[in-house]
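predicted model and sequence follow; I will ask about them next.
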Amino acid sequence: MAVETNSPTDSDLTRALGYIRVAVYVVTALIGLSLLLVGTIAVIAGLKGTWHWSIHLESTIRYMSTVVQYLLVLLVPLFGVLLVGRWYDG
């Protein structure tokens, strides 16, 4: 009779680290796209030079700063877990 254990195996750890790595890449890509969006609006506002585009730039910066803040709150622990997991997986 085989006794089943609930301890994680190396393949489970490797699979979990793969998922965490993908999550880190996705969150990092979202931060990069947010910065690209703000930069694009800034270039348009600079070229147009009107108060209308200035307001668009201010609101975009305000909303994107909130989005990036939440993404960083997600990214920092995920990256820490990935580093510790890679060190443990060794």
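Perfect, thanks for sending it.

where's Arg15 relative to Ala29, distance?
According to Cβ to Cβ, to the nearest Å, Arg15 and Ala29 sit 21 Å apart. All C-beta atoms are positioned from the backbone trio N, CA, C, and that covers glycine.

sorry, that was for Val84
22 Å.

with Ile44 instead?
Taking Cβ to Cβ as the measure, Ile44 falls 23 Å from Ala29.

which SS class is Val67?
Assigned with DSSP: H, G, I helix; E, B strand; the rest coil, Val67 falls in the helix class.

burial measure for the closest residue in space to it that isn't next to it in sequence, as a count.
Closest residue in space to Val67, ignoring its immediate chain neighbours: Ser34 at 5.6 Å, by Cβ to Cβ, 6 or more residues apart in numbering. Close neighbours of Ser34, defined as other Cβ atoms under 10 Å, add up to 17.

touching, Ser34 and Ile61? I think so.
No - between Ser34 and Ile61 there is no contact under Cβ atoms under 8 Å: 10.4 Å.

which residue is nearest the middle of the chain?
By Cα atoms, centre = their mean, the chain has its centre lying nearest to Val27, at 1.8 Å.

model confidence at that residue, what's the number?
pLDDT recorded at Val27 is 96.

so it sits against Leu71, correct?
Yes - using Cβ under 8 Å, Val27 is in contact with Leu71, at 5.4 Å.
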